[in-house]
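Q: no sequence for this one, just the structure:
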């Protein structure tokens with residue numbers, strides 16, 4: 001690179017400290033980037049994060065940081081409902097933006113964010129980091145090699161038995177907008193639509209539940225099961241009485257091309273913790289979690305255990321997807337490659353999110369064409 005890119009982070013919570021800043025620090029170690037500032041409305045979080053990663057400036061006012069510090073790239077790691085506010089503010093300050101998932105919870109907001117980036121000739125990167133994780137890379141490779149044929153059915157789930165995030169505002173609707181569907185589901189849906197050619201989400205039929213989280217202290221919660229694999233950083237005190245999002249989301253999506261998707265995403269459900277990503281076509285089916293390929297060998301049914309080796313450089317890192325993603329972002333900023341996560345793909349995902357919550361609240365299937373401003 002001709003110069004080190006100047007980066008900053010807005011939001012000094014768990015995902016910033018566990019994923020974004022370690023990935024940016026890797027770029028700094030390679031001489032490709034600087035981390036020049038961090039901002040969080042909680043001054044103690046901003047100050048402790050700056051000290052942890054040797055960042056020279058910290059702010060309790062993100063706008064003041066954007067006004068005072070020239071930046072090339074800003075990572076927005078705030079609660080969901082402020083993604084739009086700070087992404088647009090950073091774009092208007094002259095920076096490219098990496099926005100944590102979900103980028104937005106309504107189609108209209110996502111469209112406005114991309115339109116702003118286009119107007120300012122900046123790039124808005126939705127943080128769909130699981131496209132770079134070994135399990136999604138494996139399934140996409142199986143699909144690309146034609147092993148299962150043309151996919152027409154998927155069954156995807158991420159079930160945490162008692163994995164309720166308890167260190168921030170994930171559980172508060174006025175901060176996060178929703179629960180596991182927009183926390184866990186957004187990654188699995190994005191990966192699925194990306195690897196299958198982004199078939200348009202036509203409709204969603206969903207249900208959501210909130211029974212277990214309200215038991216409060218009667219639950220034995222595991223911080224790692226809730227996604228804080230490296231622990232928490234300056235956590236906000238959790239109160240189960242504030243919980244007002246869904247703890248479990250289930251349902252079905254209808255995609256263009258006669259494609260159906262069953263889904264189940266939970267923070268709390270009385271089932272064993274597990275993940276499943278199954279994709280089926282006319283030639284076979286594949287599951288990312290056990291490397292199984294289901295197809296015929298001659299006129300016999302067969303179940304083939306595939307061996308997969310992730311020999312990429314960051315396979316041992318926690319949140320390794322972010323490490324690969326930020327290297328990709330630098331290549332995009334230098335015009336070396338096209339961006340992997342395209343606006344039309346993210347708009348498709350956001351339409352699924354908005355349709356899911358409307359469906360669950362209205363107790364009916366919701367077509368994406370019903371969404372305000374929908375033009376996909």
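A: Here it is on my side, so go on. Note that the coordinates shown come from a computational prediction; the quantities given were computed from them, not determined experimentally.
Q: Only C-alpha atoms from now on, for both contacts and neighbour counts.
A: Fine.
Q: Quick check on the residue positioned nearest the centre of the chain: phi, psi?
A: Centroid-nearest residue in the chain, with Cα atoms, centre = their mean: residue 101, separated by 3.9 Å. The phi and psi torsions at residue 101 (degrees, to the nearest 10) take the values phi -80, psi 160.
Q: and stretch 83-100, average pLDDT?
A: Here stretch 83-100 scores 98 as its mean pLDDT.
Q: picking up where we left off before, who are the neighbours in contact with the residue nearest to the centre of the chain?
A: Counting by Cα atoms under 8 Å, 6 or more residues apart in numbering, residue 101 touches 80, 126-128, 182-183, 186-187.
Q: same thing with residue 254?
A: 201-204, 260-261.
Q: Based on its surroundings, how many neighbours for the nearest residue to residue 258 once chain neighbours are set aside?
A: The shortest distance from residue 258 to any non-neighbouring residue, by Cα to Cα, 6 or more residues apart in numbering, is to residue 152 (6.7 Å). Applying other Cα atoms under 10 Å, we find 17 residues neighbouring residue 152.
Q: Need the residues that contact the host helix or strand of residue 359.
A: Assigned by DSSP states H and E, residue 359 belongs to helix 343-362. Around helix 343-362, the neighbours that count as contacts under Cα under 8 Å, 6+ apart are 102-107, 110-111, 114, 126, 181-182, 186, 189-190, 193-194, 198, 200-201, 203-208, 253, 365-368, 371, 376.
Q: And it, what's buried?
A: 343, 345-360 (16 or more other Cα atoms under 10 Å).
Q: one step back: looking at the contacts of residue 101, state which has the most neighbours.
A: residue 182 (27 neighbours).
Q: my read: that one touches residue 103, true?
A: No. In this structure, residue 182 is not within contact of residue 103 by Cα atoms under 8 Å, at 9.6 Å.
Q: any idea whether residue 78 is helix, strand or coil?
A: At residue 78, secondary structure determined by DSSP: H, G, I helix; E, B strand; the rest coil is coil.
Q: what about the closest residue to it other than its chain neighbours, neighbour count?
A: Of all residues not flanking residue 78 in the chain, residue 11 sits nearest, at 4.6 Å (Cα to Cα, 6+ apart). Counted with other Cα under 10 Å, residues neighbouring residue 11 total 25.
Q: shouldn't residue 11 be in contact with residue 76?
A: Yes. Using Cα under 8 Å, residue 11 is in contact with residue 76, at 6.5 Å.
Q: For residue 335, see how far away the residue located most distally from the centre of the chain is.
A: For the chain, the largest distance from the centre (Cα atoms, centre = their mean) belongs to residue 299, which lies 41.3 Å off. Separation of residue 299 from residue 335 (Cα to Cα, to the nearest Å): 49 Å.
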